[in-house]
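K.L.:
Okay, sequence plus prediction incoming.
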Amino acid sequence: MSWRRAAAGAAALAVALAALAQESSIDLAAGVGKDKVVAYCSSCHSLDYIQMNSPFPDRKLWEAEVNKMIKVFGAPIPPGEIGAMVDYLTKHYGR
Amino acid sequence: MTSRRAFLKAGFATLGGSVHTRSAWSAELLPGELPAGARASAQLYALPGKLPLIKKTFHPPNFETPTHYFDQLYTRNDAFFVRYHLSNIPQQSAASWRLQVAGEGIDKPYALSLDELKTQFEAVEFPALCLCSGNRRGLFQPHVPGVEWGPGAMGNARWKGARLREVLARAGVGKLALEVAFDGADSAPLAATPDFMKSLPIWKAMDENTLIAYEMNGAALPHWNGFPARIVVPGWTATYWIKHLNAINVLATPFENFWTKTAYRIPKNKFPLVERFASQESEANTPITEMVVNSLITNIEPGAQFKLGQMIEVRGIAWDGGYGVNVVETSADGGATWRAAQLEADAGRFSWRQWRAEVRAERIGAITLMARASNRIGATQTLELMHNPAGYHHNVVQRLTVSVI
């Protein structure tokens, strides 16, 4: 629908980013694929979403989550990067 | 007894003005059922204008209210939970804010300023519970992905605003009107992400209790709770209570937005719900609508210690989708025996209702306190989780373990 985003101007980020200083202290576990996860996930949400949803997801669930971000929310993650991201999430934040 | 009653009445009169002084909050107070990662990543953090709340995620900001703030009738505005799906949340200006009313289901599109909304429509005010559909999602077993909420994604407030139906009537609602869709000023960083919008069936939009609220608890809405105006749908979960409302669109066909058409769904016929959103139902599922009956103990933290022989005062709150809680029972023996709690004054059918009970600490060791609410249409809390894919409607009877020494 086109009846939206009327007010998404320069002031948009001022309040939204108020918590960023604290948020930058979130550090995911070191490991292969971390750079991709940090780069692609944090463009829309803080990385505590990953910590909070751990360690219960198995590989299948992490794969479903990454694919949901791409297909439903439009995350621009190249298909060739998905495997490495799912590997990382399953190893460090899954079971 | 008399002094306690007097104290409670004083609490009502000050409308949540008392400040709890607590020793340091710690992750030990979080429910043990939460995913380990949710416990480890939680912290107390104060957003601008808010008291320190339990951080679930920084952005979009999702913060829940510590339980001790619920030990009063109304939840302080600066302790009220914060829940967003999308992380661009522009500060709204009261002077320049406009509400657009449009759509094929009306005759005359128009726009309102905040001042016009406040002065050209009758102002009505009543208490209502605002409760996130996914409150207590983190307690689900097996776990489901999402914001892993404990019990604090809710708050009870007095909402003041204009009736939505009067704002719609000025636009001339026609026979085509099927649903009324709402948009707020928040948006996603990516243009490809579906904007967070919700619709209501026209009959619910025209309900006398559905408001465009501009005040809570006698003050302007906090930024994080939707300044300058939000939809209030008493009895229905907070997903419909669109914050930073800036557009209303009266539709002749079912709304196609992701957050309405696909998200916030529950399996059909699983929950004992009365109010349905028929135009959005599919073969498999139906939109979540009214809240299920539920309760929470508010004055005792997990692991609290009591002395043998002591009377333990148990206080709490109970609520439902607006039919009215009429029974709360408590158990101090893990559910073997139950006794009726005393209900406090009824603040209105959309408010939660406070209750209290006393139990004696009869033996040394761990004891499990429980509370179970029922409502006037015969619904009661469950002992077994009604599992569903998105983690909604958790109303399993709470089990709070304390120790007697």
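P.N.:
Yes, it's here.

K.L.:
ok, residue A:49 - how many residues close by?
P.N.:
Around residue A:49 there are 25 other residues, counting by other C-beta atoms under 10 Å in any protein chain shown. Yep, even glycine has a C-beta here, placed from its N, CA and C like the rest.

K.L.:
my guess is it meets residue B:57, correct?
P.N.:
Yes. Under the criterion of C-beta atoms under 8 Å, residue A:49 makes contact with residue B:57 at 5.5 Å.

K.L.:
what's the nearest residue to residue B:118 once chain neighbours are set aside in contact with, if anything?
P.N.:
Excluding its sequence neighbours, the residue lying closest to residue B:118 (C-beta to C-beta, 6 or more residues apart in numbering or on different chains) is residue B:214, at 6.2 Å. Applying C-beta atoms under 8 Å, 6 or more residues apart in numbering or on different chains to residue B:214 gives the contacts B:114, B:117, B:118, B:160, B:161, B:162, B:220, B:221, B:228, B:229.

K.L.:
Against residue B:36, how distant is the third one?
P.N.:
What that stands for is residue B:118. For residue B:118, the distance to residue B:36 (C-beta to C-beta, to the nearest Å) stands at 48 Å.

K.L.:
follow-up on the earlier one: filter the contacts of residue B:214 down to the buried ones and hand me the ChimeraX line.
P.N.:
The buried subset of the contacts of residue B:214, as determined by 16 or more other C-beta atoms under 10 Å in any protein chain shown, is captured in ChimeraX by this line:
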select /B:114,117,118,160,161,162,221,228,229
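
K.L.:
ok, which pair from the contacts of residue B:214 is furthest apart?
P.N.:
Farthest-apart pair in the contacts of residue B:214 is B:162 and B:220; separation 14.8 Å (C-beta to C-beta).

K.L.:
Could you check which residue of chain A lies nearest chain B?
P.N.:
The minimum distance from chain A to chain B, using C-beta to the nearest C-beta, falls at residue A:74 (2.5 Å).

K.L.:
Let me know whether residue B:327 touches residue B:373 as I believe.
P.N.:
Yes. Assessed by C-beta under 8 Å, residue B:327 is found in contact with residue B:373 at 6.9 Å.

K.L.:
out of those two, which sits in the busier spot?
P.N.:
Using other C-beta under 10 Å as the criterion, residue B:327 and residue B:373 rank with residue B:373 on top: 28 against 17.

K.L.:
Quick check: the residue of chain B nearest chain A.
P.N.:
Closest to chain A within chain B is residue B:192: 2.5 Å, counting by C-beta to the nearest C-beta.

K.L.:
SS state for the residue of chain A closest to chain B?
P.N.:
Using DSSP: H, G, I helix; E, B strand; the rest coil, the structure places residue A:74 in coil.

K.L.:
and the residue most central in space within chain A, what does it touch?
P.N.:
The C-alpha lying nearest the average C-alpha coordinate of chain A belongs to residue A:41 (C-alpha atoms, centre = their mean; 2.4 Å). Residues in contact with residue A:41 (C-beta under 8 Å, 6+ apart) are A:47, A:49, A:50, A:69.

K.L.:
Distance-wise, check the last one relative to residue A:76.
P.N.:
Spelled out, that is residue A:69. Distance, residue A:69 to residue A:76, using C-beta to C-beta: 10 Å.

K.L.:
Have a look at these two and say which one is more surrounded.
P.N.:
The residue with more neighbours, out of residue A:69 and residue A:76, is residue A:69; 20 against 10, by other C-beta under 10 Å.

K.L.:
pretty sure the more buried one is touching residue A:82, no?
P.N.:
No. Using C-beta under 8 Å, residue A:69 makes no contact with residue A:82, being 9.9 Å away.

K.L.:
so what does the biggest helix by length in chain A touch, helix or strand wise?
P.N.:
Looking across chain A with DSSP state H, the single longest helix is helix A:79-93. Under the contact criterion of 3 or more C-beta pairs under 8 Å, 6 or more residues apart in numbering or on different chains; DSSP states H and E, helix A:79-93 touches helix A:34-41, helix A:48-52, helix A:59-71.

K.L.:
Make JSON lines from those helices and add distance to residue B:315 and mean pLDDT to it.
P.N.:
Converted to JSON lines, the helices and strands packed on helix A:79-93 look like this (distance: least, C-beta to C-beta, whole Å; pLDDT from 0 to 100):
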{"stretch": "helix A:34-41", "distance to residue B:315": "42", "mean pLDDT": "97"}
{"stretch": "helix A:48-52", "distance to residue B:315": "30", "mean pLDDT": "98"}
{"stretch": "helix A:59-71", "distance to residue B:315": "39", "mean pLDDT": "98"}
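
K.L.:
Out of those helices, indicate the one that is most buried.
P.N.:
Mean neighbour count (mean count of other C-beta atoms under 10 Å in any protein chain shown) peaks for helix A:48-52 among the helices and strands packed on helix A:79-93, with a mean of 25.

K.L.:
For the stretch 201-350 of chain B, just list every one of the strands.
P.N.:
Secondary structure of the stretch 201-350 of chain B (DSSP state E, counting those that start in this stretch): strands located at B:211-216, B:219-220, B:230-232, B:245-251, B:265-267, B:285-287, B:294-297, B:305-306, B:311-319, B:325-331, B:339-340, B:342-343.
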